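> Quick one, what's the 3D model for this:
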Amino acid sequence: MNQRLNSGLPTLFISLANPYHLLDVPMIKTYINGYSHNDVVIQSLVNKLVGKEKFVGVSPVDAFCGKWDTKR
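Below you'll find the model as predicted:
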């Protein structure tokens, strides 16, 4: 699976309800943290993905988990 993720295909990883998923997939270049899986978060995420809202904010946790290979 890792080989396919690194094959050059544009890949987006969205994490809902677990802000530390990036530790499991450090090879993903575009990673979005939703922090929760409720309807408000999911609707906001869809609005952002289709361009109705901008992505703004500051992570309240270290989603990089202190690892060098998650910060690309």
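
> Look up how far L16 lies from V25.
Going from V25 to L16 by Cβ to Cβ, to the nearest Å gives 14 Å. Placement of C-beta: from N, CA and C, glycine included.

> which stretches of the chain form helices?
2-5, 39-49 (DSSP state H).

> Point out the most buried one among those.
Neighbour counts averaged per stretch over those are highest for helix 39-49, at a mean of 12; criterion: mean count of other Cβ atoms under 10 Å.

> Dump that helix to PDB, keeping only the CA atoms.
In PDB, the C-alpha atoms belonging to helix 39-49 read as follows (Å, rounded to 0.1, in the frame of the first residue of the first chain):
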ATOM      1  CA  ASP A  39     -22.300  16.700  11.400                       C
ATOM      2  CA  VAL A  40     -21.100  20.200  11.800                       C
ATOM      3  CA  VAL A  41     -17.400  19.300  11.300                       C
ATOM      4  CA  ILE A  42     -18.200  17.100   8.300                       C
ATOM      5  CA  GLN A  43     -20.400  19.800   6.600                       C
ATOM      6  CA  SER A  44     -17.600  22.400   7.300                       C
ATOM      7  CA  LEU A  45     -15.100  20.100   5.800                       C
ATOM      8  CA  VAL A  46     -17.200  19.600   2.600                       C
ATOM      9  CA  ASN A  47     -17.600  23.400   2.300                       C
ATOM     10  CA  LYS A  48     -13.900  23.800   2.500                       C
ATOM     11  CA  LEU A  49     -13.100  21.100   0.000                       C
END
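
> Quick one: residues in contact with that helix.
In this structure, residues lying in contact with helix 39-49 by Cβ atoms under 8 Å, 6 or more residues apart in numbering are 14, 16, 32, 34-35, 53-55.

> Now do the contacts for the closest residue to I14 other than its chain neighbours.
Counting by Cβ to Cβ, 6 or more residues apart in numbering, I32 is the residue found nearest to I14 once chain neighbours are left out, at 4.8 Å. For I32, the set of contacting residues under the criterion of Cβ under 8 Å, 6+ apart consists of 12-15, 45, 55.
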